[in-house]
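Participant: Need coordinates for the below:
(4 chains)
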Amino acid sequence: SAEEQQFNDLIAQDSRIEPRDWMPEAYRKTLIRQIAQHAHSEIIGMQPESNWILRAPSLKRKAILIAKVQDEAGHGLYLYSAAQTLGVGRDEMTEQLIAGTARYSSIFNYATPTWADMGSIGWLVDGAAICNQVPLCRASYGPYGRAMVRICKEESFHQRQGFEILLELMNGTPEQRQMAQESVNRWYWPALMMFGPPDDDSPNSARSMAWKIKRFSNDELRRRFVGMLVPQAEVLGLTLPDPDLTWNEEKQAYDMGQPDWDEFHEVLAGRGQMNAQRMQRRRDAHDEGAWVREAAAAYAARQSATTERVVA
Amino acid sequence: SAEEQQFNDLIAQDSRIEPRDWMPEAYRKTLIRQIAQHAHSEIIGMQPESNWILRAPSLKRKAILIAKVQDEAGHGLYLYSAAQTLGVGRDEMTEQLIAGTARYSSIFNYATPTWADMGSIGWLVDGAAICNQVPLCRASYGPYGRAMVRICKEESFHQRQGFEILLELMNGTPEQRQMAQESVNRWYWPALMMFGPPDDDSPNSARSMAWKIKRFSNDELRRRFVGMLVPQAEVLGLTLPDPDLTWNEEKQAYDMGQPDWDEFHEVLAGRGQMNAQRMQRRRDAHDEGAWVREAAAAYAARQSATTERVVA
Amino acid sequence: PPAVAEYALWLGDDALVLAQNLGWWISRAPELEEDIAIGNIALDLIGHARSFLSYAGSASGRTEDEMAYFRGEEEYRSAQLFEQANGDFAHTIARNFIAGCFQHALYERLQGSHDETLAAIAAKSIKEVDYHVDHATQWVLRLAGGTAKSRRRLIVGFADVWPYVDELFRDEPLNDELAGVAVRQSTLRPAFDTRVAAVFAEAELEVPVGFTATGGGRVGKHHETLGPLLAEMQVLARQFPGAAW
Amino acid sequence: PPAVAEYALWLGDDALVLAQNLGWWISRAPELEEDIAIGNIALDLIGHARSFLSYAGSASGRTEDEMAYFRGEEEYRSAQLFEQANGDFAHTIARNFIAGCFQHALYERLQGSHDETLAAIAAKSIKEVDYHVDHATQWVLRLAGGTAKSRRRLIVGFADVWPYVDELFRDEPLNDELAGVAVRQSTLRPAFDTRVAAVFAEAELEVPVGFTATGGGRVGKHHETLGPLLAEMQVLARQFPGAAW
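Facilitator: Modelled structure (predicted):
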C-alpha cells in the first residue's frame, strides 16, 4: 500500500515515525511490548536500590541514591507516556505488570545484600543499559527515541555515580575493597546477560534491526560493553571475574567466556532470587495505594463538576 | 435486708464473696472498675516491654522478656475472666479500653528508651505492683483474690528478673552502670506514684478499705515499698533519686520527698509521654485483627453447625 | 558557640528523621508520581539536614556524617512529631502537613536570624518547604474530599499525630540563650494555627482533641520509634567506623 | 568438627530468624490468646536456636550470643523462608505452617543422628514443633474456612511464601560430608508434602504454582529482609561489644 511504502521510506531514510503516521500492526505491537517492558524494568528496578536508601552509609550517598531511584520512577513515566502514544493505557500496562503477564529486565531479580551493590548496579547494570539504550536514541519511533535521549543522559550520570561508589570502596579499608570485589563478582555475569541471548539464539532481533528499532546485535553490544569495562576496572583495581577474558591482538577485540545461560533462563522463568519478592512488592504498593488513587479520582471528579457548575 | 446482712457478715468474717452471692450494686461496680482497670494495665503494660523484644542484647534476656510480656497477656486474661463473673463481657471491656473510656495504670504511659528500663520496670514497677497486689490476694471477692494469688506469684518472679537485669548492668562497663542509674532516675518517682495520690487526696480509698477490697492506705503502701527498696538499692549500688530520703530513727521509718503530683495528674489527664501511642497501638491491633477474629468465629459457627447436623 | 550548635541540631535532626521515615515510601507509594514527590521531599530534607548538621558539627570539629551516624538516640534532638511512623498514606500526609506548616513558619522567621549561617540555610530551605506544604495540603484536600474511606483515614491520621503538635511550640531554656538567633517556638503558633485553620476549613476537618504528648525531643527524650529507626539508618556506617563512602 | 558446626548453624539460624520475626507480633496480635500463642512459639524457637548456636559456637570457642549478635548477614545460614516478613496474620500463618512442617519432618529424622548433641536437641525440640504445626494448622483451617476475606488473604499468603519452599529441600555439598549426622533435605520432601496435602485437602486449598526462588541461604545469600532484621536485633549488643547482660 501507499502507506506501507511511505513507512518503509521513512525507515530507509532514517527518519522518525510519529504517532499519527501509519505503521504496520506488528511494528506497533513490537514497540508497545518493548517500551512497556522497558518502563516496567525502570519501575521494578527501583526496588533493589531502595533496599539501601534507609541504610546508606553517608548523607551524601543517601541523597544521591534517592535521586537515582526517583529518576527511575521518572523514566518509567516517560516510557509509559511514549507507549501511550501507541494506543495502550498506563492502567493496562500496570495491570499486566501486576498480573505477571508483562516482562521486565531479569537483572532486577537479583538481590542487593551489600552496599557495594549500589556501586555495581550503577557501574555494570546501568553501564550495560546505556550500551543497549544509546542506539535506541535513534530508534525509528519518535516518542521512544526522544524519551531515550533524556533517559540516556541520566543513565550515564548514574553509571558515573556507581563508578564513584566502587572507587571510594576500593580506596577504603581492606573490608571495603573486599565488599566491592565480591559485589562485582556477583553482578558481572548478570550484567552481561542483559544484552540478551547469543545472536544465534535471539529470534526477534533480525526484524527489530530491519525496522531500526534495534541497531546492533546482542553479542556485538556485549563485546563493546566489556571493551569499555576493562580499562575502568583497571582504574578501580577490580578484577573482572572472567578467567577467559583476554585481548585478542588479531581480532583487535576481547575474547571472553560465556555467561551461564542456564541461569539466565532460570531467572527468566521465574526462578531467580527475587522474582517473587519484586512482584509482591509492586502488587502490594498497587493494592494498598488503591484507596488513595480512588480518593484522588473522586476528588478530581467533584472539583471539575463544581467548576462546570460555576462556569454554567 | 437479710442479703445485705449476710454480705456484711461475710466481709466482717474475712470470708470471700463468690459470684452467686448477693452483693451491693456499688460493690459490684467498684470491683468491675478495679478489675477491668487492672486487666487493661496488664494489656497496655505489654507495650513498653515489647519495645525491647526485638533488640534484647542476649538470647537469654530475649527469652525472659518474651516470657514476661506473655505472662502479662495471661494476667490480662485471668482478670478479664474474674470480671466476667461479675457480669461484664470481655468485648465490652475491650471496647471501653479502645474507646479510651476505661483507665489503665499511668505508669505505662512512660517510654522505654533504654534496655535498662527493662530492669527498672521489673524492679520498681513490678515491685510497686506487688506491694499493691499482695493485699489483694485477700480481697473479699473470691475470683479476684484467687487471680491475684496467681498473678502475684509471677510478679515476684518478674521483679527478681528486673533486679537481675540491673545487677548485670551495675556489674558491667561504666556505660552500662550509667544506663542503669539513668533509668532508675526516670522510673523511681513514677513507680512511687503507682500507689495513688496521698491519703488525704484519695476519695475512694475509705470505702474500698471498709469493703476489704483494699487493705492499706496509699501512703502506707508507698512507705513500705521504699523501705523494701533501700537495702536492694544498696546491693545494686544504685542511688535512689530522692535527696530527702533518710532514716527516721524515732519513727523507725524512712522520711521521703514527694513525687511530682502535677506530673501525675498530667499523665492521668492524657498528657504523658506515650498515652497516645499506647492507645493507638491497642486500637490498631484490635482493628487490624478484626478480620481474623471474624474468620475464627465464622469457622467455629460452621463447625458447630456441622456437628449438630452429624449428631442430628 | 555551643548553644547555636545545639539549636542547629534541633532543626537538622527534625529534617533528617523525617527524611528517613519518608525514604521508606520510595518504591512503595500509591502511584509513581508520589514515589517521585515523596522522594523530592526526602531529598530536600536531607539537604536541610546536611546544612544544619554540618553547622552543628563545626562547633566540635565533627562532620555531618559523624553527627548523623555516630550519635545515639539520647543525643538526638528531633521533636517527636518527626519521629512518628509512616502509618498509612493518610498518616504520612497528616504528619507531613504538620511538619511542613511548622518548618515553614520557623524558616520564614529564621531568615532574619542574627546568625548568618542559620539565616542562609533558612532562606534556602523555605522555598522547598513551601512545596512540601503545598504537596501535603493538596493531599489533605483530596483525602478529606475524596471517598468516605479516605476521609475516615485522614481523620484518624490527624488524630494520631496531633498529640505531638504541642511539643513543637514549646520554649526551652536554650531559647533564652539565643535571643535574636533562634526563633522562640511559642511565637510560631499563631502562624501555624492560621494556616492549619484555613486548610481544615476548606477540607471541612476539625482540629483533633484528645491526648497531648509530653514530648521532650529537644532534651533527648524520644518516641519509641526512634531507636529502631536509628538502628537501621546507622547500621552500615557503624560497622565501618572512620570509613569514607 | 566444623562441618557439624556449620550444619548446626543452619538449624539455629532458621529458628532464631523466625523467632525474631514472631517477636514483632507480641502486643500486636489479633487477640490476647494469640499474643500468648505466638509468644510461646517464639520462646520455643529461641530455645532451639540457643541449643544449636551454642553447639555451633563450641567448635570455635564462641558463645551462643557471639553467634547470634556478632555474625554479619553473609555469615548467617538461615533459609529464606524463615526470613520472610510477617506480612498480615495470614502471611505469618502460611510461613509458620511451612516452617513447622519442615522442622517437624527434619527433627523427627534428626533424632536418629549419629551426633548425640544434634539428636538430643531434635528430640527435645520436636515436641514443641508439634505444637507449632498444630497451631498453624488450626489457623489454616480457620482462615480457609472462615470468611471470604480470610480465605482470600490466606491464599495470597501461601502464594507469597511458596517460592521459598523449594530451597528447604535442596541438598548442599555439606550433606555429603555429614552422612548419618545431618539429614539430607531432599529426603524430607515426601513427609512434608504428605502433611501439607492433608491439611490443604481439609482446607480445600491448592498448592500454589508460580515463582521459585533460587534461595542460597545455606551459603549466605539472603532475602532482602534479613539485613534490616539483623540491624535491629544486633544494635544494642554491638554497641557494647564484650559486655555481659
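
Participant: Is whichever helix in chain C runs longest positioned near chain A?
Facilitator: Criterion DSSP state H: the longest helix present in chain C is helix C:116-144. Yes: for helix C:116-144 and chain A, the contact criterion (CB under 8 Å from any CB of the partner chain) is met by C:141, C:142, C:143. Quick note: C-beta positions are derived from backbone N, CA and C, even for glycine.

Participant: and which of those is nearest chain D?
Facilitator: Nearest to chain D among the residues of helix C:116-144 next to chain A, counting by CB to the nearest CB, is residue C:143 at 23.0 Å.

Participant: Am I right that residue A:247 is in a strand?
Facilitator: Yes: per DSSP: H, G, I helix; E, B strand; the rest coil, residue A:247 lies within a strand segment.

Participant: Need phi/psi at residue A:217.
Facilitator: Note on residue A:217: its backbone torsions stand at phi -80, psi 160 [degrees, to the nearest 10].

Participant: same check, this time on residue A:141
Facilitator: According to degrees, to the nearest 10, residue A:141 has phi -90, psi 120.

Participant: Find the nearest non-adjacent residue to the residue in the stretch 51-200 of chain A positioned nearest to chain C, please.
Facilitator: Per CB to the nearest CB, residue A:70 is where the stretch 51-200 of chain A lies closest to chain C, at 3.8 Å. Distances taken as CB to CB, 6 or more residues apart in numbering or on different chains put residue C:39 closest to residue A:70, at 3.8 Å, once the chain neighbours are dropped.

Participant: cool, residue A:181 as well?
Facilitator: residue A:238 (5.9 Å).

Participant: Need the three-state assignment for residue C:15.
Facilitator: helix.

Participant: That one contacts residue C:43, doesn't it?
Facilitator: No: between residue C:15 and residue C:43 there is no contact, the gap being 11.0 Å when judged by CB atoms under 8 Å.

Participant: Name the next helix or strand following the helix or strand where residue C:6 lies along the chain.
Facilitator: Assigned by DSSP states H and E, residue C:6 belongs to helix C:2-23. Note on helix C:2-23: by DSSP H and E, the next helix or strand toward the C-terminus is helix C:32-58.

Participant: now that following helix, how far from the centre of its chain.
Facilitator: 10 Å (CA atoms, centre = their mean, to the nearest Å).

Participant: Up against chain D, what does chain C have?
Facilitator: Counting by CB under 8 Å from any CB, chain C sits next to chain D at C:72, C:227, C:228, C:231, C:232, C:235, C:238, C:239.

Participant: Mind picking the one among these that's closest to residue B:206?
Facilitator: Comparing these against residue B:206 with CB to CB places residue C:227 closest, at 43.8 Å.

Participant: check contacts around residue C:221.
Facilitator: When contacts are counted by CB atoms under 8 Å, 6 or more residues apart in numbering or on different chains, residue C:221 is found next to B:111, B:113, B:273, C:214, C:215.

Participant: Which pLDDT value goes with the residue lying closest to residue A:257 once chain neighbours are set aside?
Facilitator: Closest residue to residue A:257 apart from its sequence neighbours, by CB to CB, 6+ apart: residue A:244 at 3.8 Å. Looking at residue A:244, its pLDDT reads 95.

Participant: okay, now residue C:73: neighbour count?
Facilitator: 17 (other CB atoms under 10 Å in any protein chain shown).

Participant: oh sorry, the question was meant for residue C:29
Facilitator: Residue C:29 has 23 neighbours, counted by other CB under 10 Å.

Participant: Kindly report the same for residue A:206.
Facilitator: 12.

Participant: and the gap between residue A:145 and residue A:202?
Facilitator: Remark: distance between residue A:145 and residue A:202 (CB to CB, to the nearest Å) = 22 Å.

Participant: now residue A:61
Facilitator: Counting by CB to CB, the gap from residue A:61 to residue A:202 is 37 Å.

Participant: And residue C:32, by the same measure?
Facilitator: Applying CB to CB to residue C:32 and residue A:202 gives a distance of 31 Å.

Participant: And those two? Which one has more around it.
Facilitator: residue C:32 (22 against 16).

Participant: How far away from the center of its chain is the helix or strand bottoming out on mean pLDDT in chain A?
Facilitator: Of all the helices and strands that make up chain A, helix A:205-210 has the lowest average by mean pLDDT, DSSP states H and E, namely a mean of 71. Remark: helix A:205-210 is offset 20 Å from the chain centroid, using CA atoms, centre = their mean.

Participant: which residues in chain A form helices?
Facilitator: Under the criterion DSSP H, helices of chain A are mapped to A:2-12, A:25-44, A:46-50, A:59-84, A:90-99, A:116-120, A:127-133, A:142-170, A:174-193, A:205-210, A:218-236, A:261-268, A:275-288, A:290-311.

Participant: nearest to residue D:48, of the ones you listed?
Facilitator: Across the helices of chain A, closest to residue D:48 is helix A:275-288 (CB to CB), at 26.5 Å.

Participant: CA atoms only for the closest one - export them in PDB, please.
Facilitator: The C-alpha trace of helix A:275-288 is given here as PDB (Å, rounded to 0.1, in the frame of the first residue of the first chain):
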ATOM      1  CA  ASN A 275      11.300 -12.600  41.300                       C
ATOM      2  CA  ALA A 276       8.600 -13.300  43.800                       C
ATOM      3  CA  GLN A 277       9.500 -10.500  46.100                       C
ATOM      4  CA  ARG A 278       9.700  -7.900  43.300                       C
ATOM      5  CA  MET A 279       6.200  -8.800  42.100                       C
ATOM      6  CA  GLN A 280       4.800  -9.000  45.600                       C
ATOM      7  CA  ARG A 281       6.100  -5.500  46.500                       C
ATOM      8  CA  ARG A 282       4.700  -4.000  43.300                       C
ATOM      9  CA  ARG A 283       1.400  -5.700  43.800                       C
ATOM     10  CA  ASP A 284       1.200  -4.600  47.500                       C
ATOM     11  CA  ALA A 285       2.100  -1.000  46.600                       C
ATOM     12  CA  HIS A 286      -0.600  -1.000  44.000                       C
ATOM     13  CA  ASP A 287      -3.200  -2.700  46.100                       C
ATOM     14  CA  GLU A 288      -2.500  -0.700  49.200                       C
END
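
Participant: does chain C sit close to that helix?
Facilitator: Yes: residues of helix A:275-288 contacting chain C under CB under 8 Å from any CB: A:281, A:284, A:285, A:288.

Participant: among those residues, who's most crowded?
Facilitator: Neighbour-wise, the residues of helix A:275-288 next to chain C (other CB under 10 Å) top out at residue A:285, 21 neighbours.

Participant: Tell me where the model's unsure across the chain.
Facilitator: You didn't say which chain, so I picked chain A. For chain A, applying pLDDT under 70 flags the ranges A:203-205, A:213-214, A:312.

Participant: my question was about chain C
Facilitator: If you take pLDDT under 70 as the line, chain C has these spans: C:1.
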